[in-house]
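> Next one to model:
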Amino acid sequence: MKMKTGFRNTQWDPLLLIAQIIAVQSLLYVSLGFIMAFMDVFVGANHTLDHLFQYHEIHVTDSGGRSVILSFVLNAFVGALALRFIVGRTKLCLDFTCTYHFAHLFICWVYNGAFPSTFSWWFLNAVCATVMCVFSEFLCLRIELKEIPVGYTPLDTKADL
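The predicted structure is shown next:
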C-alpha cells in the first residue's frame with residue numbers, strides 16, 4: 001500500500017519501523033549510560049542502574065541528583081540527533097519521542113515495582129520529551145527544507161558561449 005505525502009512516496013514498512021524504534025531505544029539507553037557514568041565519576045557517585053530507572057534518584061538536594069537530571073537533559077539532545085539520523089522525518093519526531101518515553105515509563109514501572117509517583121520524575125520526563133521533540137523537528141526540518149536543484153548545471157552556461 002503506497003501513500004503519497006508531500007514530495008516523497010512512502011511505503012508502510014513495519015520491519016523498518018520496529019528496527020528504527022529498537023535502534024532509537026538502544027542508542028538512547030547506551031548514551032544515557034555513558035553520560036550517567038561520566039557524571040557519576042565527576043561527582044563521585046556509585047554507578048548503578050538505579051540512576052537510570054529509579055525515580056527516587058531524581059532530586060535537586062545533592063550533586064548526585066542534579067547530575068542525574070543533567071544527564072537526562074543532555075541525553076534528550078542526543079535523542080534529537082538520533083531521530084535526525086535514524087528517522088529523518090519531521091512528522092515522525094513526536095511519534096518516536098513519545099514511543100521512547102512511554103517505553104521508559106514502562107521500564108521504570110517494572111524496575112521499581114510501582115508506578116512513578118514523584119513530581120520531579122514526571123517534570124523531568126516532560127521537559128526531556130519536549131526538548132527531544134522540538135530539537136529533532138528543527139534538525140529534520142532544516143534538511144527537508146533544503147532547496148532541490150532543478151535542471152541547472154554550471155556546464156550549461158559554457159555551451160551558450
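
> Please name the residues that touch the residue most central in space within the chain.
Within the chain, the residue whose C-alpha comes closest to the C-alpha centroid is residue 79; the distance, by CA atoms, centre = their mean, is 2.3 Å. Taking CB atoms under 8 Å, 6 or more residues apart in numbering as the criterion, residue 79 is in contact with 24, 28, 31, 97, 100, 128, 132, 136. Where C-beta positions appear, they are placed from N, C-alpha and C, glycine not excepted.

> Just the ones of those in helices?
The subset of the contacts of residue 79 located in helices under the criterion DSSP state H comprises 24, 28, 31, 97, 100, 128, 132, 136.

> follow-up on the earlier one: quick one: buried ones out of the contacts of residue 79?
Members of the contacts of residue 79 that pass the buried threshold by neighbour count (16 or more other CB atoms under 10 Å) are listed as 24, 28, 31, 97, 100, 128, 132, 136.

> shouldn't the last one be in contact with residue 97?
Yes - judged on CB atoms under 8 Å, residue 136 makes contact with residue 97 at a distance of 7.0 Å.

> where in this structure is pLDDT low?
Counting by pLDDT under 70, the chain contains low-confidence residues at 1-10, 151-161.

> can you list residues touching both of residue 136 and residue 97?
Applying CB under 8 Å, 6+ apart, one finds that residue 136 and residue 97 are jointly contacted by 79, 83.

> Secondary structure element for the residue nearest to the centre of the chain, which one?
helix 63-82 (DSSP states H and E).
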